[in-house]
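Peer 1: here's my sequence, what's the structure:
(one chain, ligands or ions: 1)
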Amino acid sequence: MLDQLPELIDPVVFAERTSHLVGSVKFQRMNRLSEFLFDKEGEMKVDLHFYKEGKVPTIEGHIEGHLNLICQTCLQSLPWDVRKEVKIGMVQTMEQADRLEDGLEPMLITEGKVSFPGIVEDEVIIALPDYPRHAEACMQYTNVEFVEPEKSEDEPDNPFSVLAKLKNTGAQ
Ligand SMILES: [Zn+2]
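Peer 2: Numbers count the residues shown, from 1 in each chain. Next up is the predicted model:
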């Protein structure tokens, strides 16, 4: 069982002290992410090093987790695995952001503490597809109460018969 990680951190201080955060953050702590989720069960596993790269406070490591997104076609659950490498350079101005070395993702920081789940959440959201949808036909997922009609041996597998049945019963 991994530890739940803190709510507020000062990432610059973490970098100055050379810190390592390993643990998990529950999706329930990520409000902005919740609009993408079919259900909020689960968590992201987090393994992040904070250190200074020259003068730049840096966060490097990876996050991973299993999400249930909302399929934008059928609005049902879409299982989705995220595993993302993280490399963030903390900056205070846009000019500093422009000067970051390649491969570092700029994170604008202000004085003091920031939400740690918020940092993880940003990384998750970046990793999500623009238009999440089932790769195959959505019909098989559309309704948990939906039971596929039993096929007799000689009946061809015809998706339209399913549609017709849904129409007949008025189920929608
Ligand atoms: Zn779908």
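
Peer 1: do stretch 65-79 and the ion meet?
Peer 2: Yes: residues of stretch 65-79 contacting the ion under Cβ under 5 Å from the ion: 71, 73-74. Heads up, the C-betas are built off the backbone N, CA and C, glycines and all.

Peer 1: whichever of those end up buried, select them in ChimeraX.
Peer 2: Filtering these down to the buried ones (16 or more other Cβ atoms under 10 Å) takes a single ChimeraX command:
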select :71,74
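
Peer 1: TSV for the residues of stretch 65-79 next to the ion, including pLDDT and secondary structure?
Peer 2: TSV is the format used below for the residues of stretch 65-79 next to the ion (pLDDT from 0 to 100; DSSP: H, G, I helix; E, B strand; the rest coil):
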residue	pLDDT	secondary structure
Cys71	94	coil
Thr73	92	coil
Cys74	92	coil
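
Peer 1: okay, the residues of stretch 65-79 next to the ion in JSON lines with distance to Glu105 next?
Peer 2: Written out in JSON lines, the entries for the residues of stretch 65-79 next to the ion read as follows (distance: Cβ to Cβ, whole Å):
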{"residue": "Cys71", "distance to Glu105": "28"}
{"residue": "Thr73", "distance to Glu105": "30"}
{"residue": "Cys74", "distance to Glu105": "33"}
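
Peer 1: the chain: helices as residue ranges?
Peer 2: Using DSSP state H, the helices found in the chain span residues 11-16, 31-34, 94-99, 116-127, 159-169.

Peer 1: can you report phi and psi for Phe36?
Peer 2: For Phe36, the backbone dihedrals are phi -90, psi -10 (criterion: degrees, to the nearest 10).

Peer 1: residue contacts, it?
Peer 2: Going by Cβ atoms under 8 Å, 6 or more residues apart in numbering, Phe36 touches 67, 69-70, 125, 128, 132.

Peer 1: spatially, which two of these are the most separated?
Peer 2: Farthest-apart pair in the contacts of Phe36 is Ile70 and Ile125; separation 13.7 Å (Cβ to Cβ).
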